[in-house]
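Participant: Need coordinates for the following:
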Amino acid sequence: MELDRLNNIIDQFAIDGTAAGATPFGKGLINDSYKVTTLEKGKPEYMLQRINHLIFQDVDLLMNNIITVSNHIRQHYIQYGGTDPERHGLTFIPLKTDSNKYYTRDDQGQYWRMMLFIADSVTKSEVTPENAYKVGVSFGTFEKVLADIPVPLGETIPNFHNMEFRLKQLQEAVEKDAANRLSETSDLVNDILKDAVDMCKGERLYREGLLPKRICHCDTKVDNLLFDKNDNVLCVIDFDTVMPNFVFSDIGDFLRSAANTSCEDEPDLDKVNFNLSIFHSFIQGYLEKASAFLLPIEIENIPYATQLFPYMQAVRFLTDYLNGDTYYKISYPEHNLVRTRAQFKLYQSVKAHSVHMDAFIKECLTSHKE
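Facilitator: Next up, the predicted model:
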């Protein structure tokens, strides 16, 4: 991107110092990021991000959520004696012309935001039992802190983790059979739909008034934590998908990828299984923080949450395959079908461990009470 255009965007934000330049940073799949340095020594560095408004179509709602959440976390951190809040949370920079506005729109219709860059911090991508525990603690704490947020938040991506909505999309794809692929997948479609009623349990419990929606991160992965050089967690990052949802989202979404013994598109289904050691570590850490505010119905349905997300992803991959691969990027014609089978195998593996998961959760709760 041309430097003059970036400098014009940076100049709209109330940074401390004079911008010296901006260089591409990271490999984000959704938003483009640039690290911004300043001419003056001792001044902070910043992160400039282009918001993908094709995915997050209501940018005002998105940024209102993000600022509300980041301010609430900061206030909680300070209230309980935390020091250096800029290092232990996200700090967004307002516009020079409006201290209550935290994004701008350029002359090409692109949206931008700015935040402080947290120095000497790193992200991780590899999942181990040790950092799975830290992920559980961090996101359990995240939900706990936001449990009393006084301002309602909106859905940045409507129906993002709504199982009934995803199944409706699959049914529509089956009826249209746009790519003429139903005949080759009819057995798989039927196998998946056999469990459709069971997998919509969350939405039913919510309608019955038994299951609450809480403020959840909805993109729980080790990459969305910042660590210091001593491997301590500094803070949770990437608030784009923070919105009201069932806690099942933060549990199941992490375990779907982290506890898979192979990759998401593994063609050899014998390699696809559920890693119980990752489940143990994550749930132990999560319940250490979250069991204090969760309802019994939320805790007892953790095995359901763990099944839900590989099932949901299998439904989404199969829907895209039947539609002719219009949503997910593919590397070969059967890619979405391979993904579907791998995710459905993972779902079956998780389901086979339900009794063990129930027993482990009870064990965790007992240890927390002692």
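
Participant: is it true that residue 185 lies in a strand?
Facilitator: No: using DSSP: H, G, I helix; E, B strand; the rest coil, the assignment for residue 185 is helix, not a strand.

Participant: Strands of this protein, start to end?
Facilitator: 19-24, 32-38, 46-51, 104-105, 111-116, 214-216, 225-227, 233-236, 243-245 (DSSP state E).

Participant: what sits against the nearest residue to residue 201 once chain neighbours are set aside?
Facilitator: Leaving aside its sequence neighbours, residue 201 sits nearest to residue 304 (Cβ to Cβ, 6 or more residues apart in numbering; 5.9 Å). For the C-beta atoms, the positions are set from N, CA and C on the backbone; glycine is no exception. Taking Cβ atoms under 8 Å, 6 or more residues apart in numbering as the contact definition, residue 304 lies against 201, 202, 248.

Participant: quick revisit: now the strands of the chain as CSV including distance to residue 252, mean pLDDT and mean neighbour count?
Facilitator: Formatted as CSV, the strands of the chain follow (distance: least, Cβ to Cβ, whole Å; pLDDT from 0 to 100; neighbours: other Cβ atoms under 10 Å):
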stretch, distance to residue 252, mean pLDDT, mean neighbour count
strand 19-24, 33, 88, 14
strand 32-38, 27, 91, 18
strand 46-51, 26, 95, 21
strand 104-105, 35, 96, 16
strand 111-116, 28, 97, 21
strand 214-216, 11, 97, 23
strand 225-227, 18, 96, 22
strand 233-236, 18, 97, 20
strand 243-245, 11, 97, 20
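
Participant: Please convert the ones you listed to JSON lines, extending it with distance to residue 268.
Facilitator: As requested, those are arranged in JSON lines below (distance: least, Cβ to Cβ, whole Å):
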{"stretch": "strand 19-24", "distance to residue 268": "36"}
{"stretch": "strand 32-38", "distance to residue 268": "35"}
{"stretch": "strand 46-51", "distance to residue 268": "38"}
{"stretch": "strand 104-105", "distance to residue 268": "47"}
{"stretch": "strand 111-116", "distance to residue 268": "42"}
{"stretch": "strand 214-216", "distance to residue 268": "33"}
{"stretch": "strand 225-227", "distance to residue 268": "31"}
{"stretch": "strand 233-236", "distance to residue 268": "35"}
{"stretch": "strand 243-245", "distance to residue 268": "33"}
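
Participant: Figure out which of those strands is closest to residue 266.
Facilitator: strand 225-227 (25.6 Å; Cβ to Cβ).

Participant: can you list contacts of that closest one?
Facilitator: With Cβ under 8 Å, 6+ apart as the criterion, strand 225-227 contacts 118, 121-124, 134-135, 138, 233-237.

Participant: For burial, what's the neighbour tally of residue 150?
Facilitator: For residue 150, the neighbour count with other Cβ atoms under 10 Å is 6.

Participant: The contacts of strand 225-227: which two are farthest apart?
Facilitator: Maximum pairwise distance among the contacts of strand 225-227 (Cβ to Cβ): 18.0 Å, between 118 and 135.

Participant: Those two: who's more crowded?
Facilitator: residue 135 (28 against 21).

Participant: who's in contact with that one?
Facilitator: Applying Cβ under 8 Å, 6+ apart, the residues contacting residue 135 are 127, 220, 221, 222, 225, 254, 258, 282, 285.

Participant: How about residue 68?
Facilitator: 149, 151, 153.

Participant: now it: how far from residue 94?
Facilitator: 14 Å (Cβ to Cβ, to the nearest Å).

Participant: Kindly report the same for residue 273.
Facilitator: 49 Å.

Participant: Verify the stated contact: residue 36 with residue 43.
Facilitator: No: using Cβ atoms under 8 Å, residue 36 makes no contact with residue 43, being 10.6 Å away.

Participant: residues near the residue lying closest to residue 167 once chain neighbours are set aside, how many?
Facilitator: Nearest residue to residue 167 in three dimensions, chain neighbours excluded: residue 196, at 5.4 Å (Cβ to Cβ, 6+ apart). By other Cβ under 10 Å, 16 other residues sit near residue 196.

Participant: And the residue nearest to the spatial centre of the chain, how far from residue 345?
Facilitator: For the chain, the residue nearest the mean C-alpha position is residue 219 (0.5 Å; Cα atoms, centre = their mean). Distance of residue 219 to residue 345, computed by Cβ to Cβ: 24 Å.

Participant: one step back: just checking, the residue nearest to residue 167 touches residue 168?
Facilitator: No: with contact defined as Cβ under 8 Å, residue 196 does not reach residue 168; the gap is 10.3 Å.
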